[in-house]
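**Q** Let's see this in three dimensions:
(chains A and B)
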Amino acid sequence: MKQKTVSLASGNGGAENRDLIEKVFFKHLGNEILARGEDASIVELKADGGCNVAFTTDSFTISPIFFSGGDIGKISVCGTCNDLAMMGANPKYLTLGVIIEEGFNVRDLEKIVRSIKKELEINGAIVVAGDTKVVPKGSVDKIFINTSGIGEPLVDGISASNLSEGDLIVVSRDIARHGASIFASREGIELENTIDSDCASLFPMVEAILNAGIKPVAMRDATRGGVSAVLNEWAVASDVCIEIEEAKVPVSQEVRGICEMLGFEPMSLANEGTFLLAVKKEDATKVVEILKNFEQNKDATIIGKVTSEYKKRVVLLSDWGTKRFLELPTGELLPRIC
Amino acid sequence: MALELKNLYDDFRDAKTIKALAKLIEEEATKLDRDINIMEVCGGHTHTIMKYGLKQLMPNNIHFIHGPGCPVCVMPKERIDHAFVLAMQEDVILCTLGDMIKVPGSRGSLQDARANGADVRFVYSPLDVLKVAIENPDKKVIFFAIGFETTTPMTAALLEHTIKKELDNIYFHINHVTVPEVMQELIDSRDEHVDSYNNQIDAFIGPSHVSVISGAKIYSKFANQYKRPVAVSGFEPVDVMEGVLMIVRQFVQNRCELEIQYKRSVTMDGNLNAQKLIDRYFEKRGLFKWRGLGNVPNSALKLKDEYSKYDTEVIYSDILPKEEIEDHKLCICGDILRGMATPNECQVFGTACKPSSPLGSCMVSSEGACSAYYKYGSLL
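**A** Coordinates of the predicted model:
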């Protein structure tokens, strides 16, 4: 790597982040399973392949730790369980590692642990191993949490590299709520109607889709890097072009307002309970219907399709007949100034 | 009142209106007997043209030249090095606006400075610096001020508050630049040895936000003296399309005028209070170097002498680097800004010069021409 020190941009979920992972971590630790680049890895515990589990890990360093629509406890369960759910797996067992800054309020800690419990119940998962460290003031920002999880794959073959021409792209709800909500609270922007983060567990929705006998081609929650990161990863992994009709992508008025003010693209902002699905054409309407049965997913809709026009690229189509590429977000998320 | 910004932009992104304007431009353009190169001076316009794909809606004889109107892109390495050195001082918090922290100088970007331990913060508004200063009384808080006429009054307001509140830990590094002078430079620039080496700019889309402050009057000489039609336009796609239509009609009807498309905020005289505020604290610099264009006379502002105790260029003059840094030899940003070359004619385009490691101004931010060509390449 040319870069000598790690910059914040290396953790943005976009191009720099991928660069750091490839040039440092994959270089030394790469293997066939890691190389698949899925949200969770499907691993075999027995040589005969008789015991497959989905396995993943995620760390949570969010600031502020309590935000509109959730807290660091909720998000640390959602994040890991959602990664499992996106592989069509049923989240079962989690580990919980907590690093706490000296002086942290015990009542706050209990609040966080209660959120963890509540969210575990939604997923039907339990914590089976844990670790607690306390570090001197200033060593971490209040509290950092890591969770790892294993789940039982309910179907196989869901993969970012399986998209093919004709598949349709579905989004589960309006996008960019988490990123917009965190930015608004961090920057002290006061809104009449606060934007709640979309932070939520996705397994119930995935379960409903699988129970209807539908096997999605790919699923991914649009966390860091947002919708544009997911679509770009799919386009590259499957060597296809993804065409999105921009006007069909649901964005709430409040979120659009924040993005206008700060110069962000909703497509690049993080979500914590919003996912994208690539599905066979004949399954798309049914998938949207199932998603809409969940209250927060009333805006679920088909937003685009897989083609072969510009391979490995994502194209946004405007209502007035022009197109542009949707880029993988780069750099730190900064507001444009003019 | 609830946040209802949508009223401010929905109508100006209406698909039917955009299509109708595209048709009108197409019809008018058939009456032209030559190609027209329109420079959109401001990076905000470039952004709109790229984001909404407006170039794809233009007939073959209408071309855009992407101008130097992005204050981040045109900041020369020398000035970024100043910011870097200031930020690395132990007792300093350096504040600046948005994108600025990404742009590399010769010692690295402000982002790099931060990774090396400097306290660099971005603010949404210069007035946010007050809060930083009050919360950190034992630190020197330096505002690295950038931007065109649009942001200058806010910097002046910050200085006014600093004086009124008797805060003794806020300092300034002023890099405010002005639009008309650089437009003039682009038109005036000639190479004495090569006849064809003249600018190719036939008309301007004028930056509306600048004009809200300075008034549209600052562009009148371009229509009157330099015979370049100007349409001062807003930043939404409908605004830009209407601005183009106004310009094309001027050519068809053989007129050359200063017209205001962005009537919802721009007047001929602008905001006189803001102009007064600027005049109270700032004066013209003799020369200011623009990345890609070199020294442009009278194109920037500095603090007046009586405010030198706030001026880091005075206070830190011993440690601020003074050596000139040449623009990269192979970089042709200057030609691109004058409309004489397109990005893909540059030898280092996409190879040595990329958005992640820009050599020249046009690759620096998403509003630069090269960066746009790099990103949108085959769709342009």
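
**Q** where's the residue nearest to B:Phe349 when sequence neighbours are not counted relative to B:Trp290, distance?
**A** Nearest non-adjacent residue to B:Phe349, counting by Cβ to Cβ, 6 or more residues apart in numbering or on different chains: B:Pro343, 5.3 Å away. Bear in mind the C-beta positions are built from the backbone N, C-alpha and C, glycine included. Noted for B:Pro343: a distance of 18 Å to B:Trp290, by Cβ to Cβ, to the nearest Å.

**Q** picking up where we left off before, now do the same contact list for the residue nearest to B:Phe349.
**A** Taking Cβ atoms under 8 Å, 6 or more residues apart in numbering or on different chains, we find B:Pro343 in contact with B:Ile336, B:Phe349, B:Cys362, B:Ala369, B:Cys370, B:Tyr373, B:Tyr374.

**Q** what two of those residues have the greatest distance between them?
**A** Spanning the widest gap among the contacts of B:Pro343 are B:Ile336 and B:Tyr374, at 12.6 Å by Cβ to Cβ.

**Q** sorry, back to before: derive a ChimeraX selection command for the buried subset of the contacts of B:Pro343.
**A** Listed next is the ChimeraX selection for buried residues among the contacts of B:Pro343, using 16 or more other Cβ atoms under 10 Å in any protein chain shown:
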select /B:336,349,362,369,370,373,374
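
**Q** between the contacts of B:Pro343, which is nearest chain A?
**A** Using Cβ to the nearest Cβ, B:Tyr374 is the member of those that lies nearest chain A, at 10.1 Å.

**Q** ok, which residues in the stretch 201-350 of chain B are in contact with chain A?
**A** B:His209 (Cβ under 8 Å from any Cβ of the partner chain).

**Q** Tell me where the stretch 201-350 of chain B has strands.
**A** Secondary structure of the stretch 201-350 of chain B (DSSP state E, counting those that start in this stretch): strands located at B:203-207, B:230-233, B:258-260, B:282-284, B:287-290, B:294-297, B:301-303.

**Q** okay, which residue is most central for chain A?
**A** A:Thr223 (2.8 Å; Cα atoms, centre = their mean).

**Q** pLDDT score for that one?
**A** We note a pLDDT of 91 for A:Thr223 in this prediction.

**Q** How about it, nearest residue that isn't a chain neighbour?
**A** Excluding its sequence neighbours, the residue lying closest to A:Thr223 (Cβ to Cβ, 6+ apart) is A:Ala270, at 5.6 Å.

**Q** can you tell me which helix or strand that neighbour belongs to?
**A** For A:Ala270, there is no helix or strand it lies in under DSSP states H and E.

**Q** A:Ala229 is in contact with that one, correct?
**A** No - between A:Ala270 and A:Ala229 no contact is recorded; they are 9.2 Å apart, counting by Cβ atoms under 8 Å.

**Q** who has more neighbours, these two?
**A** A:Ala270 (29 against 26; other Cβ atoms under 10 Å in any protein chain shown).

**Q** Enumerate every residue touching the more buried one.
**A** A:Gly13, A:Ala176, A:His178, A:Gly179, A:Ile182, A:Ala222, A:Thr223, A:Arg224, A:Gly225, A:Gly226.

**Q** centre of the chain versus stretch B:292-309, how much separation?
**A** 16 Å (Cα atoms, centre = their mean, to the nearest Å).

**Q** likewise stretch A:128-148?
**A** The answer for stretch A:128-148 is 22 Å, by Cα atoms, centre = their mean.

**Q** Show me what the nearest residue to A:Lys133 once chain neighbours are set aside is bridged to.
**A** Ranked by Cβ to Cβ, 6+ apart and with sequence neighbours excluded, the top spatial neighbour of A:Lys133 is A:Ile99, at 4.9 Å. On the basis of DSSP bridges, A:Ile99 is bridged to A:Lys133, A:Phe144.

**Q** and A:Ile99, what does it touch?
**A** A:Lys133, A:Val134, A:Val135, A:Val140, A:Ile143, A:Phe144, A:Ile145, A:Asn146.

**Q** In terms of distance to chain B, which of these ranks first?
**A** A:Val140 (17.9 Å).

**Q** wait, the closest one sits on A:Gly103?
**A** No - between A:Val140 and A:Gly103 no contact is recorded; they are 11.4 Å apart, counting by Cβ under 8 Å.

**Q** Show the pLDDT at the residue in the stretch 201-338 of chain A that chain B sits nearest to.
**A** Residue nearest to chain B within the stretch 201-338 of chain A (Cβ to the nearest Cβ): A:Thr322, separated by 2.7 Å. If you check A:Thr322, the pLDDT there is 93.

**Q** Next: A:Gly37.
**A** 82.

**Q** In chain A, where is pLDDT below threshold?
**A** In the predicted model, chain A carries pLDDT under 70 at residues A:1-2, A:12-14, A:187-193, A:330-338.

**Q** Which positions in the helix ranked longest in it come out as buried?
**A** In chain A, taking DSSP state H as the definition, the longest helix is helix A:106-123. By neighbour count on 16+ other Cβ under 10 Å, the buried set for helix A:106-123 is A:Asp108, A:Lys111, A:Ile112, A:Ser115, A:Ile116, A:Glu119, A:Leu120, A:Ile122, A:Asn123.
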